Structures are given as C-alpha cells and as structure tokens.
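1. Please find the sequence and the predicted model below.
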Amino acid sequence: MFIKKTIKRVGDKVYVNHLLVESITTAKGPRHRVVCSLGSLAPAPREEWLALGLKIEKSLVGQGSLEPDPRVDAIVEKVRSRAARAGAKQDESDVVAVHADRVTTEEVREAGPVHVGHQMWLRLGVDGILAAAGLASSARTLTEVMALNRLVHPLSEHAMVDWVQTTAIADILGTDLTSLNDEALYRNLDKLHPERAAIESGLADAERTLFNLDGSVYLYDLTSTYFEGQCAANDQARLGYSRDDRPDCKQVVVGLVVDRDGFPKAHEVFDGSRQDRTTVGDMLSSLERRVGLNAGATVVVDRGMAFEDNLGEIRRRGYHYVVAARQAERDQHLTDYEEADDWREMERQPAPGNEWQHRAAVRVTRRVVGDEVHVLCRSEGREAKDRAIRNRHEQRLLADLARLRKRIADGRLVDEGKIQQAIGRLRERYSRVCRYYDITYDPIARTLQWHEDAERKAKARNLDGAYLLRTDRRDLTEDEIWRTYMLLTRAEAAFRAMKSPLAERPIWHHLEHRVQAHIFLCVLAYHLLVAIEKTMRDRGVHTSWATLREQLSTHQVMTIVLPLASGGTLRIRKGSTPEPVHREIYEALGIPANVMRPVKTRSGA
C-alpha cells in the first residue's frame with residue numbers, strides 16, 4: 001500500500017485529498033485501487049508516505065509494532081470500519097444447494113512461492129520502474145513472469161512456457177497466459193536489454209527507501225559463468241579462468257556490487273578472458289552512474305583486484321578501500337605473524353541465509369604502515385583449509401611427476417623440448433605448490449628429478465590460515481576493518497544464489513545481448529530474493545528462500561466444482577486455506593494470506 005495525493009479544481013476552488021492506495025492485478029494488468037480516503041490533510045511528510053503505507057499494510061494483516069503510531073492506528077481503524085460497512089451490505093445471493101457427493105476439484109496449481117514473489121514485486125514497485133524505463137504493459141507482465149520463474153523454478157525460455165501452465169501465476173497476475181510462447185519470451189529479453197541500467201538504478205532507489213539501506217559500504221566481486229556450445233556469434237564468450245571448474249567451456253565474467261545488506265547496486269558483464277584487476281575502474285563508473293556513490297564511501301574488493309593502480313583509482317575518485325592483500329604481500333609479514341603478541345579474538349558470523357554454519361574464531365592485530373592500516377588475521381578454520389588444499393595439490397603434483405618420469409624412462413617421451421613443455425604445464429597447473437620443489441631434467445642421463453625446498457615449505461606452513469587486510473581508513477579499529485571486509489561474503493552469497501537457486505548457469509543463449517539480458521534477469525530475481533530474506537531477518541526469522549519456497553509449495557489454487565441441486569454447475573476458482581506454516585511466512589513478510597480473489601462461473605441449466 002502507498003499514499004497518493006490528488007488535486008481537483010472546480011471553478012476557482014482547489015480540493016486536495018490524500019488516498020490510501022494498493023496495487024492489484026486485473027485482466028488488463030496491474031492497477032491501483034483506492035482503499036480509503038484520508039482527507040485533505042497530509043498524513044505525514046511526503047518522504048515518509050511509502051514507509052507509512054507499509055506500516056498500515058502490516059497492521060491490517062495483524063502485525064503489531066513495538067512503537068505504536070497514532071497515525072497508523074487511526075487509518076487502520078478507518079479502513080476496517082469501511083470494510084465492515086461494505087460487508088454488512090452483502091446479501092445471501094451466494095447461498096446454493098449442491099450435491100455434496102459429486103463435488104470435485106480441478107486445475108490444482110502451486111501458488112505460494114509465486115504469490116510471495118508477486119507481492120514482493122509489488123512492494124518494490126518494479127512495475128512502475130519498468131514503466132518509467134519505457135516498457136509497455138505486456139512487456140512488464142512478461143518480465144514479471146520471467147523473473148518469478150527464475151525465483152521459483154528457473155528454466156530456459158523454451159521450457160518456461162510449460163512451467164507457467166503448472167502454476168497459479170496466471171490467476172495471481174490476473175492475466176491470460178494460455179497463448180504464451182517461447183518466441184514472445186525471447187523478444188522480451190530484447191526489449192529488456194537496453195533498459196538494464198535504468199531499471200537497476202530505479203530498484204536501488206526504491207530499496208534504499210523501503211529498507212532504509214546504508215550507502216557507506218560497497219562490496220565488489222566477480223564470478224564466471226559458462227556456456228553450452230561454441231557461442232561463435234558472441235564476442236564476449238571466451239576461454240578464461242573458470243570459477244565453475246569448466247576451463248573447457250567458453251564463459252563470460254560477471255561483476256556485481258552489493259551493499260552491506262546484500263542488495264545489488266550494479267552489475268556488468270565482461271569478456272570471459274577479462275582479468276579481475278582490469279575491471280575496477282569500469283565497475284566504479286557504472287556504480288556512479290546508477291546509484292551515485294557517496295563521497296567517502298568505502299569500497300571492499302578481494303585480493304584479485306588489490307593492485308596499486310586499482311587502489312589509486314579508488315582514492316582518486318574520493319573513496320576509501322578495504323582489500324585483502326595478495327599472497328606476496330602477506331608473506332613479507334611472516335615475522336610479524338610469528339612474533340605478534342597483541343592478537344584480539346574475533347568471531348566470524350555466517351552470511352545471511354547460512355546461519356547454520358560454524359562461527360569461526362579469528363585472531364586479528366593492527367599495524368600502521370605509512371598511510372595505510374594493515375590488519376594481520378589468523379583463522380583456525382582457514383588454517384585447516386589451506387593445509388588440506390596444499391596437501392591435495394602436492395599429492396597430485398608428485399603423482400604427475402612420477403608419471404612423467406616413467407614416460408621418459410620408457411622412451412615414450414624423448415624430445416627435450418616436449419619434456420620441458422610438460423614440466424611447464426605442471427608448474428602452471430600446480431602453481432600453488434610447485435614453488436616448494438626444484439624440478440630439473442638431465443638430457444644426458446635422460447632423467448627427471450625433483451627436490452623439496454624444505455625452508456620455503458615451512459614458511460608456507462607457518463602462514464596457513466593467515467591473511468592480510470589493507471585499508472586507508474585510519475579511523476577504524478582492527479575489528480571494524482575486519483568486519484567490514486567480512487561483508488564481502490554478501491557478494492559471494494549473491495553469486496551462490498544466482499548460480500544455484502536462480503540457475504544462472506549454464507547459459508544456453510548464444511547472442512551477446514541475450515546473454516546479458518539473461519544475466520540481468522537473474523539479477524532482477526535476486527532483488528526479489530534478497531528483499532524476501534531481508535524482510536524475514538528483520539522479523540527475526542533466519543530462513544533461506546530455498547526453504548521458504550519448499551514450505552510454500554503446498555499452498556495452492558484450485559477450481560472447486562459444485563453440481564447444483566437446481567441444475568447446472570458452479571465453479572469457484574480460489575486459493576486453498578493457508579496452513580499454519582504458510583500463515584507464519586505471510587505474516588512475517590507482511591503480505592496477504594489470500595493469493596487471489598475468488599472467481600465464480602456458472603454453466604448448464
């Protein structure tokens with residue numbers, strides 16, 4: 001719900017009225033319905049109207065507030081009084097006699113997850129944002145259908161058509177989707193593509209107001225997503241470093257910026273061979289255009305982008321940085337790690353939606369180095385992980401070296417140039433552990449030898465679980481710096497959500513603009529996902545969308561077929577009665593428990 005101001009002029013007089021309005025779905029698309037008039041006096045300052053409307057909506061579904069608001073109470077009482085008067089006027093024309101033994105149901109469809117996604121779509125005002133971007137009503141409806149599919153049960157555009165017919169999405173949207181085809185969905189991607197930046201900017205504004213989001217910290221990370229097929233028509237599809245363990249597939253690199261609550265602010269799609277370190281300037285420019293970065297904001301990036309030119313670029317634009325130093329920089333602090341006696345114990349909190357995870361203990365200490373603050377960190381959980389990864393890579397390296405030695409000894413590999421190439425490939429494949437070994441080939445004796453560098457290996461062992469943070473924020477304590485960097489898990493969580501429950505990968509599109517539109521659609525669905533989970537967390541419910549989706553799947557829409565005693569048949573299309581678990585979720589989210597208004601049709605005598 002929201003508040004709308006109307007002005008009417010009659011002759012020389014001007015009449016001002018304020019209306020409480022809600023968004024509803026009709027056969028012609030989303031429409032506004034007046035809930036009640038609030039009179040000529042503004043109920044609050046204009047900038048508070050959206051928040052006031054949300055409070056009223058929550059109060060009407062039974063959610064109380066810790067801080068009573070007389071304005072909200074007065075409006076709610078007015079709405080309820082109006083509803084009571086309307087109910088008193090109803091007659092008993094809906095009373096019918098039926099043959100009870102012949103009552104059946106038909107067209108049972110899943111409704112709960114789609115209902116939640118649709119209500120969050122309305123709350124974020126996405127339809128209005130799409131309209132402002134120039135999309136027609138039909139395009140806005142198709143965009144919502146496609147976004148809800150990615151949120152609820154992600155499929156390709158070709159398979160999406162069948163999914164639509166298995167859910168109550170047409171009932172919930174009040175739209176006839178029986179003639180929907182995949183070509184219409186492909187064309188809609190083409191319409192979305194040029195408006196991505198405007199839509200992303202509008203969503204950032206709406207979410208900042210709705211959730212009172214903080215704009216002082218921005219978290220930037222990258223991932224890759226791979227293709228099925230050769231993608232010959234897509235210049236961005238290239239081989240590169242694969243975070244999906246699919247180096248055999250072409251890919252694109254996706255950069256994403258989120259705020260401290262995990263809400264997306266901007267994203268970009270880069271060439272699949274693009275190096276992380278070269279993307280920072282482009283991403284900052286995109287962020288400035290779309291959300292208008294606050295002067296003095298802090299940008300958090302991982303070690304893959306922690307190069308001096310990037311840090312200088314961040315400072316030049318008037319921002320601060322918190323980064324994880326690269327391994328070579330960390331290794332220079334070995335003595336500090338070994339001799340430090342001023343460690344502070346911290347506790348790493350799991351990312352939202354992963355509260356079940358172990359709360360890892362971390363020790364930190366602070367050093368001032370020139371214009372920067374360095375925070376040395378040691379993590380027990382990371383120490384075991386680093387050691388396990390190194391041991392696994394080392395075992396694989398030694399096994400491959402033994403196989404290479406046997407090939408040489410058996411005479412199956414003779415050419416010295418090819419032997420050196422094979423050694424080079426092993427160095428590249430096992431770069432993490434190859435530095436601990438001196439590998440040589442003697443062409444006269446035709447033998448391959450390797451010797452362990454015990455000193456280097458011991459140094460690496462001493463740094464297991466250690467990492468170094470750098471920042472130009474000298475006003476922050478070591479625990480504040482560490483906690484700010486740990487917010488980067490919000491971006492990592494966004495990528496996990498986009499790749500798993502939202503099924504961003506693999507990409508089946510081959511045209512460049514459709515690939516970009518597909519990724520944008522996943523980002524759009526993620527806006528809904530993070531808004532749902534944020535709303536639940538604010539109510540003290542730490543449940544992931546994946547769990548909510550499963551719990552809501554049993555709330556359905558169906559047609560009840562009533563054979564009338566007077567002849568003919570009455571069909572009532574309506575939602576099932578919500579179960580307690582459904583009501584708990586709806587109440588926590590502040591959305592109505594009724595997924596649709598009943599539709600009655602009569603046939604026969």
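-> Good, I have the coordinates.

2. contacts and neighbour counts: CA atoms only from here.
-> Will do.

3. where's Pro592 relative to Arg317, distance?
-> 45 Å (CA to CA, to the nearest Å).

4. Quick check, central residue of the chain?
-> Ranked by distance to the mean C-alpha position of the chain (CA atoms, centre = their mean), the top residue is Tyr526 at 3.4 Å.

5. so Glu478 touches Val362, yeah?
-> No - using CA atoms under 8 Å, Glu478 and Val362 do not qualify as a contacting pair, with a distance of 11.9 Å.

6. starting at the chain centroid, how far to the strand or helix carrying Asp309?
-> Here Asp309 sits within helix 308-316, counting by DSSP states H and E. What separates the centre of helix 308-316 from the centre of its chain is 27 Å, taken as CA atoms, centre = their mean, to the nearest Å.

7. Identify each buried residue in that helix, please.
-> For helix 308-316, the buried set under the neighbour-count rule, 16 or more other CA atoms under 10 Å, comprises Asn310, Leu311, Ile314, Arg315.

8. what do you get for stretch 412-427?
-> Buried residues in stretch 412-427, counted by 16+ other CA under 10 Å: Ile419, Ile423, Leu426, Arg427.

9. what's the spacing between the third one and Thr167?
-> Using CA to CA, we find Leu426 at a distance of 52 Å from Thr167.

10. likewise the second one?
-> Look at Ile423 and Thr167: by CA to CA, they are 56 Å apart.

11. what's the answer for the first one, then?
-> Going from Ile419 to Thr167 by CA to CA gives 60 Å.

12. right, and the residue nearest to the centre of the chain touches Leu151 too?
-> Yes - the pair formed by Tyr526 and Leu151 meets the contact definition of CA under 8 Å, at 7.4 Å.

13. Quick one: the helices in the stretch 501-605 of the chain, in order.
-> Applying DSSP state H, counting those that start in this stretch to the stretch 501-605 of the chain gives helices spanning 512-538, 545-552, 580-589.

14. which one of those is the most hemmed in?
-> helix 512-538 (a mean of 22; mean count of other CA atoms under 10 Å).

15. lowest average confidence, helix or strand, in the chain?
-> In the chain, the helix or strand scored least confidently by mean pLDDT, DSSP states H and E is helix 334-339, which has a mean of 68.

16. Quick one: name whatever helix or strand follows that helix.
-> strand 344-347.

17. what's in contact with the next helix or strand after that next one?
-> For strand 344-347, the succeeding helix or strand toward the C-terminus, using DSSP H and E, is strand 361-369. Residues outside strand 361-369 that contact it (CA atoms under 8 Å, 6 or more residues apart in numbering) are 340, 342-348, 373-381, 477-479, 482.

18. Recalculate using a threshold of 10 Å.
-> 336-337, 340-349, 373-382, 465-472, 474, 477-479, 481-482 (CA atoms under 10 Å, 6 or more residues apart in numbering).

19. Tell me what angle the very next helix or strand once past it forms with strand 361-369.
-> Going down the chain from strand 361-369, the next helix or strand is strand 372-379, by DSSP H and E. Between the axis of strand 372-379 and that of strand 361-369 there is an angle of 160 degrees, by axes from the mean of the first three to the mean of the last three CA atoms, to 10 degrees.

20. packing partners for strand 372-379?
-> When contacts are defined as 3 or more CA pairs under 10 Å, 6 or more residues apart in numbering; DSSP states H and E, strand 372-379 sits against strand 320-324, helix 334-339, strand 344-347, strand 361-369, strand 466-471, helix 478-486.

21. hmm, 8 Å instead?
-> Other elements packing on strand 372-379 under the criterion 3 or more CA pairs under 8 Å, 6 or more residues apart in numbering; DSSP states H and E are strand 361-369, strand 466-471, helix 478-486.

22. Redo these as TSV? Include distance to Leu192 and mean pLDDT.
-> Supplementary listing: the helices and strands packed on strand 372-379 in TSV, determined by distance: least, CA to CA, whole Å; pLDDT from 0 to 100:
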stretch	distance to Leu192	mean pLDDT
strand 361-369	45	79
strand 466-471	38	86
helix 478-486	34	86
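
23. Pick the most deeply packed of the ones you listed.
-> Scoring those by mean neighbour count under mean count of other CA under 10 Å gives strand 466-471 as the most buried, with a mean of 23.
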